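Participant: after the sequence you'll find the predicted model.
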Number of protein chains: 2
Amino acid sequence: MTQRRGPYAKSAMRRDAILDAALKVFATNGYWNGSLEEIATEVGVTKPALRYYFPSKEELFTGVLERWDTLAFVVSPLDVSDPVEALRGLVRLTERNLSIPGVIALHTMTSIEATNPAHPAHEFYIRRYEFFRERITEILEGCERLGLLAPGVVPARAARSLGAVMDGLQIQWLTDSESVDLVGDVAHHIEGLLVPAAGWTE
Amino acid sequence: MTQRRGPYAKSAMRRDAILDAALKVFATNGYWNGSLEEIATEVGVTKPALRYYFPSKEELFTGVLERWDTLAFVVSPLDVSDPVEALRGLVRLTERNLSIPGVIALHTMTSIEATNPAHPAHEFYIRRYEFFRERITEILEGCERLGLLAPGVVPARAARSLGAVMDGLQIQWLTDSESVDLVGDVAHHIEGLLVPAAGWTE
């Protein structure tokens, strides 16, 4: 006997299918060129049906970004109370990203488009960088209090650079996947921020 | 008496004016959406006149990228024989970049579009990253031979991360110019790769 699904489960599945299709189309064409027609065709629904779930292109797009940020937070909770473990979470996140190049392409492409203040995701990215910088700063300050930060490392500066390293390496990896060791390079960068006693490497 | 200009000088000026206009249009709209009509209008020439200087959109675009790479090389020659000075050149380059946000926006936007193998600048970026990684690796190996590299730093990994930090910080800066200290953060990152005896800070 197959499991029965109520209308809510069916609706949630349809919503997820739309978000998957939207991810694919936006990651390939960017926000401005990603068309709702193409997304509707991809998922096999009409454009009015698409609008029932997501009234505007902007809401659909933000839905895609937020869905993946929520999942990222599960892999890497950035828990300030255990700072070295929080840094390990960033390496796990990078490892996970290897398996979803489409999502990374979308995020990277959008983060560039969104440098334009007219882009609907402009505020989203300002807040996203801000959130990441603040959390990582707190995490590095946590390491400092435990005596685990390498001498000379300034938490706020290192926090900005750590996000930048992850973004920049992902661009090199998207361009030529053989050219970087994405996970190893991120891990090596973090290792350089800590003293050997932090027990970063086995 | 005003200086007389021969036809060659006039032609070179016109060529530069076209490259300036192309930079502006491509940096705003990206490669795919940057139109030759818009560039011709911007510089005040006809489309056939534009084609006289640059027979294809691809050649015009590559012309813009190469022109700025040549200028970057003047500011930061990446001279392996004086490795600490070569690293200082990267800070000067970053300082220079603050004054040309349009060029940085173009490079960043293009580097993302060009992750797509069908993009005309795809090979250009693969070679560019490769060149940068190899040169910086040699520079860091040079520091290592002089005993100036911080313990544990692996030149090849650190070279990939250094390029990534510069790219990633520029994205944060383009999104919100107040959010990062572009030059200071790059300098701090490089300082972390060196021993204090390298005399990086004054």
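Facilitator: Right, received. Where do you want to start?

Participant: wait, what's in contact with the residue nearest the centre of chain A?
Facilitator: Centroid-nearest residue in chain A, with Cα atoms, centre = their mean: residue A:69, separated by 5.3 Å. Counting by Cβ atoms under 8 Å, 6 or more residues apart in numbering or on different chains, residue A:69 touches residue A:128. C-betas here are computed from N, CA, C, even on glycine.

Participant: for it, give me the pLDDT.
Facilitator: You'll see residue A:69 listed with a pLDDT of 86.

Participant: tell me the first helix or strand C-terminal of the helix or strand harbouring it.
Facilitator: Per DSSP states H and E, residue A:69 falls inside helix A:57-75. Along the chain past helix A:57-75, the next helix or strand (assigned with DSSP H and E) turns out to be helix A:83-97.

Participant: so which bits of the helix or strand following that next one are buried?
Facilitator: Using DSSP H and E, the helix or strand that follows helix A:83-97 towards the C-terminus is helix A:101-113. Of all the residues in helix A:101-113, those buried under the rule 16 or more other Cβ atoms under 10 Å in any protein chain shown are A:103-113.

Participant: dump helix A:101-113 to CSV, restricted to CA.
Facilitator: The C-alpha trace of helix A:101-113 is given here as CSV (Å, rounded to 0.1, in the frame of the first residue of the first chain):
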residue,chain,number,x,y,z
PRO,A,101,27.6,23.4,-8.2
GLY,A,102,24.3,24.8,-9.6
VAL,A,103,23.4,26.4,-6.3
ILE,A,104,26.9,27.8,-5.9
ALA,A,105,26.8,29.2,-9.5
LEU,A,106,23.5,30.8,-8.7
HIS,A,107,24.7,32.4,-5.5
THR,A,108,27.9,33.6,-7.1
MET,A,109,26.2,35.0,-10.2
THR,A,110,23.5,36.7,-8.0
SER,A,111,26.0,38.1,-5.6
ILE,A,112,27.6,39.9,-8.5
GLU,A,113,24.4,41.1,-10.1
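
Participant: picking up where we left off before, how about the helix holding residue A:69: buried residues?
Facilitator: A:57, A:60-61, A:63-65, A:67-68, A:72.

Participant: restricting to C-alpha, output it in PDB.
Facilitator: C-alpha atoms of helix A:57-75 as PDB (Å, rounded to 0.1, in the frame of the first residue of the first chain):
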ATOM      1  CA  LYS A  57       9.700  36.600 -10.000                       C
ATOM      2  CA  GLU A  58      11.300  38.400  -7.100                       C
ATOM      3  CA  GLU A  59       9.500  36.200  -4.500                       C
ATOM      4  CA  LEU A  60      10.400  33.100  -6.400                       C
ATOM      5  CA  PHE A  61      14.000  34.100  -6.600                       C
ATOM      6  CA  THR A  62      14.200  35.000  -2.900                       C
ATOM      7  CA  GLY A  63      12.500  31.700  -2.200                       C
ATOM      8  CA  VAL A  64      15.400  29.800  -3.900                       C
ATOM      9  CA  LEU A  65      18.100  31.800  -2.100                       C
ATOM     10  CA  GLU A  66      16.500  31.400   1.300                       C
ATOM     11  CA  ARG A  67      15.800  27.700   0.900                       C
ATOM     12  CA  TRP A  68      19.500  27.100   0.400                       C
ATOM     13  CA  ASP A  69      20.600  29.400   3.200                       C
ATOM     14  CA  THR A  70      18.400  27.500   5.600                       C
ATOM     15  CA  LEU A  71      20.000  24.200   4.500                       C
ATOM     16  CA  ALA A  72      23.500  25.700   4.800                       C
ATOM     17  CA  PHE A  73      22.700  26.700   8.400                       C
ATOM     18  CA  VAL A  74      21.900  23.000   9.200                       C
ATOM     19  CA  VAL A  75      25.300  21.900   7.900                       C
END
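
Participant: return the member of the buried residues of helix A:57-75 nearest to chain B.
Facilitator: Minimum separation from chain B among those (Cβ to the nearest Cβ) is found for residue A:65, which lies at 14.3 Å.

Participant: was I right about the closest one contacting residue A:113?
Facilitator: No. Using Cβ atoms under 8 Å, residue A:65 is not in contact with residue A:113, being 12.0 Å away.

Participant: so what's in contact with these two at the same time?
Facilitator: Shared contacts of residue A:65 and residue A:113 (Cβ under 8 Å, 6+ apart): residue A:121.

Participant: format the buried residues of helix A:101-113 as CSV; extra columns: pLDDT.
Facilitator: Shown next, in CSV, are those (pLDDT from 0 to 100):
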residue, pLDDT
A:103, 84
A:104, 88
A:105, 84
A:106, 83
A:107, 86
A:108, 87
A:109, 84
A:110, 85
A:111, 89
A:112, 87
A:113, 83
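
Participant: which stretches of chain A have low pLDDT?
Facilitator: Low-confidence segments of chain A (pLDDT under 70): A:1-5, A:202.

Participant: how far away is residue A:141 from chain B?
Facilitator: Using Cβ to the nearest Cβ, to the nearest Å, residue A:141 is found at 16 Å from chain B.

Participant: residue A:182 too?
Facilitator: According to Cβ to the nearest Cβ, residue A:182 and chain B sit 9 Å apart.

Participant: cool, residue A:193 as well?
Facilitator: The gap separating residue A:193 from chain B is 8 Å, by Cβ to the nearest Cβ.

Participant: mind listing what that residue touches?
Facilitator: Residues in contact with residue A:193 (Cβ under 8 Å, 6+ apart) are A:140, A:143, A:149-150, A:153, A:158, A:162, B:192.
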